[in-house]
Each structure stands twice: as structure tokens, then as C-alpha cells.
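*Asks:* Here is the input, now give the coordinates:
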Amino acid sequence: MIRHDTELFDRMLAISRAFAGHTETGAAFRATATEIFKLLPHDHIDVAVLLNGGRSHICYETGYQTSWSELALSPPPVELSPVRAVLRGELPYLLSDDALGDERFHFTGAIDEPIFTAKLRSRIVVPMRARGEIIGALNISRHEPGCYTPTDLEIAQHCAEFIAPYIFALIQSEEARRAMMAESDARNREEILRVGASRLTEGMEQERRRIAMDLHDQTLADLARVVRQVSALHRRGMAGVSQLADLEREVVNCLTELRHIVDDMRPSVLELFGLRDAIEAHLNRSVSRATPSIAVRIQDTSEGAADMLSERTLTAIYRIAQEAINNAVKHAMPRRIEVRIESTPSLLKIVVTDDGSGCVQADPQASGGIGHMHTRAALIGAQLRIGRSSRKGGTRVAIDVPLTGETISAGTLPPDAAVAAANAAGRL
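*Replies:* From the prediction side, this is the model:
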């Protein structure tokens with residue numbers, strides 16, 4: 001093993017060269033592990049790096065891979081690290097002849113399983129410092145007990161001091177890149193929601209005009225006809241049974257049309273009976289006049305998971321399912337439409353499938369119904385997927401809605417756009 005200062009300096013230069021060209025922390029560390037091995041033979045080596053102001057940590061390792069590598073998926077608190085004493089500066093280092101039985105690595109909640117599974121007996125743990133602060137720890141291990149000496153500890157400290165600035169710079173670069181991407185995603189999302197809110201508002205105005213035309217051309221015309229019949233009967237001073245029956249039918253037709261218009265504006269079935277019954281009622285009503293007939297089926301295995309969601313979220317989900325059903329009936333000429341409502345502990349899933357001619361356009365930024373569906377999904381933090389239901393064709397519309405808390409994204413919009421988007425999503 002190398003002990004002379006000159007040879008140690010040469011190895012440090014080799015470590016420096018190993019960092020060259022790497023922009024990812026894990027790859028850079030793995031490249032240096034070979035050079036460190038020439039100084040300190042090891043079976044396992046890793047660095048624990050502090051994140052979030054020292055509150056959490058992740059691990060980069062090389063050689064024998066353990067579950068410590070999975071920490072990057074969800075960085076745990078520093079308090080759970082087996083080397084927390086060094087990371088928090090409570091101990092200047094850890095030098096152990098047999099870490100399997102060393103209580104300093106084992107405590108309640110410690111992520112110490114890899115020490116046993118990888119048989120990391122001989123261990124050196126030294127802090128890595130940058131700008132005068134601990135930014136992580138270098139951990140060197142061997143399977144055999146009693147392999148490392150105080151001299152090896154000193155060499156490990158030199159290595160940690162040398163690689164710490166490189167690791168720190170790469171970590172800072174990665175965090176800056178992630179922050180930049182998150183900001184870019186947030187801006188893109190805000191712009192999509194802003195455009196979507198505008199389109200929803202425009203669609204709401206168009207819907208109001210359509211309702212006004214329906215009231216004028218259908219319901220008001222029917223009521224005017226009823227008034228004329230009543231006036232005629234009044235002038236005659238009498239009314240026959242058939243004439244009264246005609247009046248009754250006219251009034252019933254007016255009431256039916258008004259109920260349809262009111263239900264389109266605010267689905268009473270959704271408020272009174274819930275999501276499943278509201279979707280089923282709309283499904284049956286949509287296919288009632290279809291020629292040829294369309295078979296329908298609805299299946300709900302969610303066990304009332306929708307009850308966890310707010311009224312606004314439920315309304316948006318209903319509107320998306322309503323649009324999917326309408327598109328199938330009007331444009332796809334299906335023989336069958338199915339709706340499934342199911343849930344996991346974290347998601348409510350609604351899937352509308354048909355065996356028709358398939359969706360022509362599924363662009364999230366498209367105008368019209370499909371664009372409105374994507375915008376409504378974005379406003380409630382849901383994921384919407386539209387595609388083929390099978391190789392033979394058909395359409396599948398799937399909505400995944402988080403059950404863990406409200407994730408309405410309209411709050412990120414300017415107040416006027418947020419209000420317009422929320423109102424449009426709830427009323428269209």
C-alpha cells in the first residue's frame with residue numbers, strides 16, 4: 001500500500017483526472033473509485049451526500065450494489081443514515097474492525113441492512129467538506145474484519161478532502177439543473193392552463209349561447225304554443241278531453257326539455273346520488289335514441305372512493321366522462337360503450353371505452369371537447385390518457401385522479417384566469 005507523500009500526490013492527480021469530463025455525480029464517483037482502490041483496496045465504496053440543507057441524503061456507490069442506491073428515488077432524513085454521526089459532525093470519523101456488531105452503525109430506524117447483506121465488516125467513514133461545511137461522507141469497506149489501520153484512515157481523509165469540492169460542484173450543478181427544469185415545467189404548465197382557461201371560458205360562452213337558442217327555439221316555442229291553445233280554449237269557454245290531453249303532453253314535453261337543460265348546466269344526479277349514478281344516467285340518456293342501438297355497461301369497484309373528492313373535482317371528472325361518452329355516441333358509431341370506476345389507495349380511476357371507429361384527434365392542446373377534457377384534468381391535478389381501446393380500433397379514455405389531497409392547479413394562475421378556469425370546469 002502506498003505511503004510516500006510523492007506517490008500519494010500522484011494518486012491524487014490521477015483521481016483529479018478521473019473526474020474530467022463527467023457531469024453526473026454517480027458516474028464521476030465511479031470513475032474515481034478505481035484510483036482510490038489503488039490507495040485503499042476495498043470491496044465496497046460509497047459517498048453519502050447531504051441534500052436540502054443537510055436534512056436528507058442520497059448515496060452513490062460502486063462495486064457491490066446495495067439498496068442504498070435506491071435512496072435517490074426518495075432521499076430519507078439524515079437521522080436514518082448509519083453514518084449520521086459523521087454527517088452531523090458529532091464524530092470526526094468512524095473506524096471499525098467489524099461494523100456488523102458496531103453499535104455506532106445500528107440504531108432504531110437505521111438504514112443498515114446493506115451492512116449485513118454485503119458483509120461490510122471493516123469500515124472507514126470520513127467527512128467530506130466544502131466551503132468549511134460537511135457536504136457528505138466517504139465510506140470505504142471490506143468483507144474481512146480488521147483490515148484498516150489509523151494510517152489507512154489518514155489516507156481516506158486525504159481522499160475525502162480532495163474529492164469533496166468536485167462532488168459538491170456536481171451536486172450543485174445537478175440541483176440547479178433540476179430547479180431550472182422544474183421552473184420550466186411550471187411555466188409551461190401555467191401557460192397551458194392559461195390557454196386552457198381561456199378556451200374553457202370561450203366554450204362556456206358558446207354553451208350559454210347554445211342553451212339560450214335551445215330555450216328560444218324549443219322550450220319558449222312550446223310554451224307559446226301552449227299559451228295559444230289555452231287562449232283558444234278560453235275563447236270557446238270549454239275544453240274537450242283530447243284537447244286537455246294535448247295540453248298535458250305539451251307541458252310535460254316542456255318540463256322534460258327544461259330538466260335536460262338544467263341537468264346539462266348542473267347535474268342534479270351527481271349532487272344527489274354521486275359520480276357512478278350520474279355517469280350511468282348520462283350514459284343511458286345518450287344512447288337512448290341511437291340507431292342502431294348501443295349496448296352499455298358500467299362497473300364500479302371503487303367502494304365509494306369518489307366521496308373523498310371535492311364537489312368541484314367530481315364535477316370536472318363527470319364532465320370529462322360526459323364528453324368521452326358524447327364523442328363516442330356522436331362520432332364513433334360504436335356497438336358498445338363501457339365505463340369502469342375503480343380505485344387504489346392513492347388514485348380514483350375512470351375508464352371509458354368503446355368499440356367504434358376510434359378517436360380522430362387526441363392532441364392535449366386541441367380546441368374543442370378533447371382540449372377541454374385535458375384542461376379540466378390539469379385543473380384538478382389528474383392525468384388524462386386518450387388512445388385506442390384495442391388493436392381493432394375503438395377509443396379508450398382513462399382518468400387518474402389523486403385521492404391524497406386536493407391538487408387543483410388553478411391556484412397557480414392569475415386570479416382572473418383561475419376563477420374563470422374553475423368556473424368553466426365546473427359548469428361546462
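*Asks:* from here on, contacts and neighbour counts on C-alpha atoms
*Replies:* Noted.
*Asks:* tell me the contacts of residue 143?
*Replies:* By Cα atoms under 8 Å, 6 or more residues apart in numbering, the contact set of residue 143 is 43, 118-122.
*Asks:* What is the nearest of those residues to residue 223?
*Replies:* Taking Cα to Cα as the measure, residue 223 sits nearest to residue 118 out of the contacts of residue 143, at 83.7 Å.
*Asks:* List only buried entries from the contacts of residue 143.
*Replies:* Neighbour counting with 16 or more other Cα atoms under 10 Å marks 43, 118-122 as buried within the contacts of residue 143.
*Asks:* ok so, going back, tell me the one of the contacts of residue 143 nearest residue 313?
*Replies:* Distances from residue 313 to these, taken by Cα to Cα, are shortest for residue 118, at 48.5 Å.
*Asks:* Now do the closest one against residue 109, distance only.
*Replies:* Between residue 118 and residue 109 the distance is 19 Å, computed by Cα to Cα, to the nearest Å.
*Asks:* Kindly report the same for residue 358.
*Replies:* From residue 358 to residue 109 the distance is 53 Å (Cα to Cα).
*Asks:* More neighbours: which of these two?
*Replies:* Between residue 358 and residue 109, counted using other Cα atoms under 10 Å, residue 358 has the larger neighbour count: 23 against 10.
*Asks:* Checking that one next. Helix, strand or coil?
*Replies:* Of the three states, residue 358 takes coil under DSSP: H, G, I helix; E, B strand; the rest coil.
*Asks:* pLDDT score for it?
*Replies:* At residue 358, the model reports a pLDDT of 74.
*Asks:* Report how many residues lie close to the closest residue to it other than its chain neighbours.
*Replies:* Closest residue to residue 358 apart from its sequence neighbours, by Cα to Cα, 6 or more residues apart in numbering: residue 394 at 4.2 Å. Residues lying near residue 394 (other Cα under 10 Å) number 22.
*Asks:* Quick one: residues contacting residue 394.
*Replies:* 332, 334, 353-359, 388.
*Asks:* among the buried ones among the contacts of residue 143, which two are most distant?
*Replies:* 118 and 122, at 11.5 Å, using Cα to Cα across the buried ones among the contacts of residue 143.
*Asks:* quick check: mean pLDDT across stretch 295-313?
*Replies:* Stretch 295-313 comes out at a mean pLDDT of 91.
*Asks:* what's the span of that stretch from first residue to last?
*Replies:* End-to-end distance of stretch 295-313 (Cα to Cα): 28 Å.
*Asks:* is it true that residue 280 touches residue 299?
*Replies:* No - taking contacts as Cα atoms under 8 Å, residue 280 lies outside contact range of residue 299: 9.6 Å.
*Asks:* More neighbours: those two, which one.
*Replies:* A direct count of neighbours by other Cα under 10 Å for residue 280 and residue 299 places residue 280 higher, at 18 against 14.
*Asks:* Could you name the specific helix or strand carrying that one?
*Replies:* helix 275-287 (DSSP states H and E).
*Asks:* Do a quick rundown of the strands in the stretch 301-428 of the chain.
*Replies:* Counting by DSSP state E, counting those that start in this stretch, the stretch 301-428 of the chain has strands at residues 336-343, 347-354, 383-390, 393-402.
*Asks:* Helices of the stretch 1-150 of the chain, start to end?
*Replies:* For the stretch 1-150 of the chain, the helices defined by DSSP state H, counting those that start in this stretch cover 5-19, 25-39, 84-87, 113-117, 150-214.
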